[in-house]
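In: next come a sequence and a model predicted from it.
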Amino acid sequence: MVWLNRGKHTIFDRTAASVGEPPLDLLLDRVLIALMQTSYTPNIDTDEQFDDISASEISALGYVARGDSNPLAGKGIVVDNTNDRSEFDATDLVYSSIGGGPDDTFDQIVVMREQDAGATDANTELIATVVVPSTTTNGGNITLVFDAEGLLHITA
């Protein structure tokens, strides 16, 4: 997992959010996942809004760009004293019938939050990237199973 600098900044600075909804609140904000092509290489300094990286999102039949059709549900935050960190988790995410012509392969996801109304690529704020097993769409369902230790975590 890689926290992008804009995502880290938004946690601490109530005025930093580019979407006009500071501060970052993973439980209340609309949090989305985008599936990123294997060619995507995160830049923690310059990847701030989705329009910075949208060209690297997968393109597959039935996949809705910017994760719009699949916001995270079942969100929760727990303190993990054993590992000295706080963890954010959500219900595993299911994408139904994506691919089958055209198909694409992804090996990373981007976690982002969007404005409740009027969301665009330019005001959908990037938070972090997470490496996932390389998967090629083929027309079937794809389930992102989030780690039992959480999707995102903050460690001192």
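Out: Yep, that arrived.
In: and the gap between the closest residue in space to Phe12 that isn't next to it in sequence and Gly62?
Out: Nearest non-adjacent residue to Phe12, counting by CB to CB, 6 or more residues apart in numbering: Pro23, 7.8 Å away. Heads up, the C-betas are built off the backbone N, CA and C, glycines and all. In this structure, Pro23 and Gly62 are 35 Å apart, going by CB to CB, to the nearest Å.
In: my guess is the residue nearest to Phe12 contacts Thr10, does it?
Out: Yes. Applying CB atoms under 8 Å, one finds Pro23 in contact with Thr10, separated by 6.4 Å.
In: more neighbours: which of these two?
Out: The residue with more neighbours, out of Pro23 and Thr10, is Thr10; 26 against 13, by other CB atoms under 10 Å.
In: measure the more buried one to Ala119 for me?
Out: In terms of CB to CB, Thr10 sits 16 Å off from Ala119.
In: how about Thr46?
Out: 21 Å.
In: next one: Gly100
Out: 28 Å.
In: the more surrounded of those two?
Out: Remark: of Gly100 and Ala119, Ala119 carries more neighbours, 17 against 13, as counted by other CB under 10 Å.
In: wait, a helix at that one?
Out: No. Read with DSSP: H, G, I helix; E, B strand; the rest coil, Ala119 is coil and lies in no helix.
In: okay, it: pLDDT?
Out: Model confidence at Ala119, expressed as pLDDT, equals 82.
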